[in-house]
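Enquirer: Below: sequence and its predicted model.
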2 protein chains.
Amino acid sequence: MKKKLYEEIVLFYGAIKWVILSTIIGIIVGIGVTVFLKLLHASINLTSKFEYYYILLPFALFITALIIEKIAPEAKGHGTEKVIESIHKRNGKINPLVVPIKLIGTIITLSAGGSAGKEGPSAQIGAGLASIFADIFKLDDRNRKKLVICGISAGFASVFGTPIAGAIFGIEVLIVGNMFYEALLPSFIAGIVSFQVSSKLGISYSYHPLSFNYSFNELHFAEAIIAGIFLGLVSIIFIETLNFFEDIYKKLKIWNPVKGLIGGSILVLLTLIFSKNFLGLGIDTIERALNGERIAWYFFLVKIIFTIITLSFGGSGGIITPIFFIGSTAGNFLANFLHFDRATLSAIGMINLLASVTNTPIASSIMFIELFGKNNAYYAIISCIIAFIINGERSVYPSQVIQIRKR
Amino acid sequence: MKKKLYEEIVLFYGAIKWVILSTIIGIIVGIGVTVFLKLLHASINLTSKFEYYYILLPFALFITALIIEKIAPEAKGHGTEKVIESIHKRNGKINPLVVPIKLIGTIITLSAGGSAGKEGPSAQIGAGLASIFADIFKLDDRNRKKLVICGISAGFASVFGTPIAGAIFGIEVLIVGNMFYEALLPSFIAGIVSFQVSSKLGISYSYHPLSFNYSFNELHFAEAIIAGIFLGLVSIIFIETLNFFEDIYKKLKIWNPVKGLIGGSILVLLTLIFSKNFLGLGIDTIERALNGERIAWYFFLVKIIFTIITLSFGGSGGIITPIFFIGSTAGNFLANFLHFDRATLSAIGMINLLASVTNTPIASSIMFIELFGKNNAYYAIISCIIAFIINGERSVYPSQVIQIRKR
């Protein structure tokens, strides 16, 4: 009896401790991410006023590669990967310099027109702030690890306005097939608090409730499976191409900033051939796809090239916003052949690709409901899981541990 | 390249195989559960016309204990536990006789007024049908296991009309802290198909969208935590009392059917002291609580006693419907002290207790959204996880494996 009471007190104390710690992390990350997003948007608004702003891309990638190489090499590439690596290899220990460098690098990359996302930097900034907090209060490894996961969840929640999906993403993305339940409570609280803080500080989010709710029948069921297979294949193309370009980058025996110069020049060339649609975050195109406008068929393929060159050749940024662009335009394209309306398939495609490249089918399914509501959620979830399976053991995060047999 | 292509074909084949298998299981379980629910409701409607129908309880528990002991001992107690046990110990092998015996036992128990649920039998019927299917098609152990998990998910989905929560419940409940991702695709498909089949065959479901959506602030945040702690304590009382009575049952050295006779007599006595409100499924009381009516403070405590006596002493049935009664009335009682309205706290209490006693915080959180909508979901989720933690390593399913440090 006495033992049981002691056990209860320990549980109670642990729960309250984590409520407090994760609330604090949620507030810190919410403020940090808000500052980052405001600076980023201001900077993008400034540069995009100039017709040929992207001409600066070679210079921007040169500078980004340079400051990253000199000051914080961990800030290279897309951010969530680095956080996963730090959790698996260093119990979440993150170099504090990553926070400002990642912030500056991403702003330079995106303002000049590099194709990258804003969630990776946010997760890295969140995790970095959590790690600094753990340093200051001398937390042990286990507590630090949990706190850093909170940082990922909070960053994700504040960027996309989806705290439930953000929380699950943080604990699902580390080890595929083995959710990190110990961080469930702190991740949720940090995600929700961070999202509330960002909202109150003026970050706005867009949600797209779907107009149609298709009845459940064999036709739609079969088409959801086809969508899952198609997006799974897009995911394979994306990851294989990414790996191919990262190999080239490693094999090129020249100074990294020069590689940035080359990558930037290729992007300028590609922009002159195609258009400016593939530069930057690409929110306009994502919105058009989600609103059911018809997008040209090759958009998802061209965006893959832009994104991979940006992230492999010196640029700094996230990978999920481009994935939303690629997934939604691929789904939009698929609507030419299936019976779902274009807006619905764009939404399904967007979430499917996320589930597939990051191996997070549950977080992605929840994100669908948070962003698009309950309409067609059953179809979206089935196709998410199919896309997740078809992708096999590939991952956009090389440090992710895969502990599941998908066959 | 050739190896990668081969790998893809295997993944593709596996996905399609499981789409087909789980669709078939979804249809079979959907029909099976519908037959069970229709027989159950017809039978309850029949007996409840008589004022003192519960006088038959000693006889009913005697008969139930007798047929279970003679024909299929696995049908004893609450069903989901037995399915979990069969998955962990026998790769999901289930005695086919369990299906009809569980069906008959539960109908007898509930029609006479025993306090039990309908989801456990449904999960057991679903899992039993899946196991029979695996026998007929000579599936190997790994496939049988996945198929039986589909049966749990499908049974849950068809009873409560919550296919997403049902699917997650099936893969979350086996090992706490280690979701069974391999069964993700089949569980979802079986759940959704089974739910569609039951709906089309005339089973109706009730959903309760909450009228108020409380803004996010410190007061409500703190109160959600208090609700989680309170329901976690209710969960401890429930499980400890259940274990206590099951010990007594085992220590009593008399013929099991006679124990049923004794248990039934105690229930008759308790009904005469309290009222008929605690008999059967208790759906009326759950509905009243969820509609925001004020329920007497002692309801949740008395229902604990009724349920435990029914399930420990010979009765057959599920445990989740009584948990919904206990949780919603406990939440309803808590509304006397907090600032949430009564309907909201009843809904939160109902889902918290489920999360806590079954150790399924994610399935329960999703169930909240499926049953009650998005209003106050953040509060519900936080309190679900708190209740889950406070409960410690207890579980209403003794065979459940707990692979998580909650402290």
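Expert: Now that the structure is in, tell me what you want to look at.
Enquirer: Tell me where chain A has strands.
Expert: Assigned by DSSP state E, chain A shows strands spanning A:77-78, A:175-176, A:316-317, A:401-402.
Enquirer: For chain B, tell me whether the last one is touching it.
Expert: In this case it means strand A:401-402. No: counting by CB under 8 Å from any CB of the partner chain, chain B is not contacted by strand A:401-402; separation bottoms out at 10.3 Å. For the C-beta atoms, the positions are set from N, CA and C on the backbone; glycine is no exception.
Enquirer: Parallel or antiparallel, list what pairs with that strand.
Expert: Using DSSP bridges, strand A:401-402 pairs in its sheet with strand A:175-176 (parallel).
Enquirer: Point out the residues in the stretch 1-150 of chain A that sit beside chain B.
Expert: So the stretch 1-150 of chain A meets chain B at A:Glu7, A:Glu8, A:Val10, A:Leu11, A:Phe12, A:Gly14, A:Ala15, A:Val19 (CB under 8 Å from any CB).
Enquirer: from memory the second one sits against B:Gly392, does it?
Expert: The one in question is A:Glu8. Yes: counting by CB atoms under 8 Å, A:Glu8 touches B:Gly392, with 6.9 Å between them.
Enquirer: More neighbours: which of the two?
Expert: Just comparing A:Glu8 and B:Gly392: by other CB atoms under 10 Å in any protein chain shown the higher neighbour count belongs to B:Gly392, 22 against 16.
Enquirer: quick one: contacts for A:Ile192?
Expert: Shown in contact with A:Ile192 (CB atoms under 8 Å, 6 or more residues apart in numbering or on different chains): A:Gly26, A:Ala157, A:Pro163, A:Ala167, B:Phe216, B:Tyr378, B:Ile382.
Enquirer: A:Gly14 - how many residues pack around it?
Expert: Neighbours around A:Gly14, by other CB under 10 Å: 16.
Enquirer: tell me the contacts of it?
Expert: Counting by CB under 8 Å, 6+ apart, the residues that A:Gly14 touches are B:Ile389, B:Lys406, B:Arg407.
Enquirer: Next, show the common contact partners of A:Glu8 and B:Gly392.
Expert: Common neighbours of A:Glu8 and B:Gly392 (CB under 8 Å, 6+ apart) are B:Ile236.
Enquirer: hmm, back to that, need the strands of chain A in CSV with mean pLDDT and distance to A:Ile31, can you?
Expert: Compiled in CSV, those are given as follows (pLDDT from 0 to 100; distance: least, CB to CB, whole Å):
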stretch, mean pLDDT, distance to A:Ile31
strand A:77-78, 70, 23
strand A:175-176, 92, 30
strand A:316-317, 90, 21
strand A:401-402, 90, 31
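Enquirer: ok, and which of these has the densest surroundings?
Expert: strand A:316-317 (a mean of 32; mean count of other CB atoms under 10 Å in any protein chain shown).
Enquirer: Packing partners of it?
Expert: Applying 3 or more CB pairs under 8 Å, 6 or more residues apart in numbering or on different chains; DSSP states H and E, we find strand A:316-317 packed against helix A:98-111, helix A:119-136.
Enquirer: That strand pairs with which strands?
Expert: Here, using DSSP bridges, strand A:316-317 pairs with strand A:77-78 (parallel).
Enquirer: picking that back up, okay, who's weakest in the contacts of A:Gly14 by pLDDT?
Expert: Lowest in pLDDT among those is B:Arg407, which has 72.
Enquirer: my read: that one touches A:Glu8, true?
Expert: No: here B:Arg407 lies out of contact with A:Glu8, judged by CB under 8 Å, at a distance of 10.7 Å.
Enquirer: now the helices: where do they sit in the stretch 101-250 of chain A?
Expert: A:119-136, A:141-160, A:163-172, A:184-200, A:218-251 (DSSP state H, counting those that start in this stretch).
Enquirer: could the ones you listed be laid out in TSV, adding mean pLDDT?
Expert: Compiled in TSV, the helices of the stretch 101-250 of chain A are given as follows (pLDDT from 0 to 100):
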stretch	mean pLDDT
helix A:119-136	90
helix A:141-160	93
helix A:163-172	95
helix A:184-200	96
helix A:218-251	94
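Enquirer: got those as CSV, with distance to A:Val35 columns?
Expert: Conversion of these to CSV gives the following (distance: least, CB to CB, whole Å):
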stretch, distance to A:Val35
helix A:119-136, 9
helix A:141-160, 11
helix A:163-172, 18
helix A:184-200, 10
helix A:218-251, 30
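Enquirer: Run the contact check for stretch A:160-170 versus chain B.
Expert: Yes: contact of stretch A:160-170 with chain B (CB under 8 Å from any CB) involves A:Pro163, A:Ile164, A:Ile168.
Enquirer: still on that earlier bit, intersect the contacts of A:Gly14 with the contacts of chain A.
Expert: Among the contacts of A:Gly14, the residues that sit close to chain A (CB under 8 Å from any CB) are B:Ile389, B:Lys406, B:Arg407.
Enquirer: Just the buried ones out of these, please.
Expert: Neighbour counting with 16 or more other CB atoms under 10 Å in any protein chain shown marks B:Ile389, B:Lys406 as buried within these.
Enquirer: how about low-confidence regions in the stretch 201-350 of chain A?
Expert: For the stretch 201-350 of chain A, applying pLDDT under 70 flags no range at all.
Enquirer: wouldn't A:Ile84 be in contact with A:Tyr397 here?
Expert: Yes: in this structure, A:Ile84 is within contact of A:Tyr397 by CB under 8 Å, at 5.3 Å.
Enquirer: Could you write out the alpha-carbon coordinates of stretch A:219-233 in CSV?
Expert: Taking Å, rounded to 0.1, in the frame of the first residue of the first chain, the C-alpha atoms of stretch A:219-233 are listed here in CSV:
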residue,chain,number,x,y,z
LEU,A,219,-15.1,3.4,-56.8
HIS,A,220,-13.7,6.0,-54.4
PHE,A,221,-12.1,3.3,-52.2
ALA,A,222,-10.2,2.0,-55.2
GLU,A,223,-9.3,5.5,-56.3
ALA,A,224,-7.9,6.4,-52.9
ILE,A,225,-5.7,3.3,-53.2
ILE,A,226,-4.5,4.5,-56.6
ALA,A,227,-3.8,7.9,-55.2
GLY,A,228,-1.7,6.3,-52.4
ILE,A,229,0.3,4.3,-54.9
PHE,A,230,0.9,7.2,-57.2
LEU,A,231,2.0,9.5,-54.4
GLY,A,232,4.2,6.6,-53.0
LEU,A,233,5.9,6.6,-56.4
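Enquirer: which of the residues in that stretch are buried?
Expert: Applying a neighbour-count criterion of 16+ other CB under 10 Å, one finds A:His220, A:Phe221, A:Glu223, A:Ala224, A:Ile225, A:Ala227, A:Gly228, A:Ile229, A:Phe230, A:Leu231, A:Gly232, A:Leu233 buried in stretch A:219-233.
Enquirer: right, and out of those, which lies closest to B:Thr271?
Expert: A:Phe221 (47.1 Å; CB to CB).
Enquirer: Could you report the separation of that closest one from chain B?
Expert: Noted for A:Phe221: a distance of 8 Å to chain B, by CB to the nearest CB, to the nearest Å.
Enquirer: Show me which residues of the stretch 301-407 of chain A are close to chain B?
Expert: Proximity of the stretch 301-407 of chain A to chain B (CB under 8 Å from any CB) is limited to residues A:361-362, A:365-366, A:369, A:377-378, A:381-382, A:385-386, A:389-390, A:392, A:404-407.
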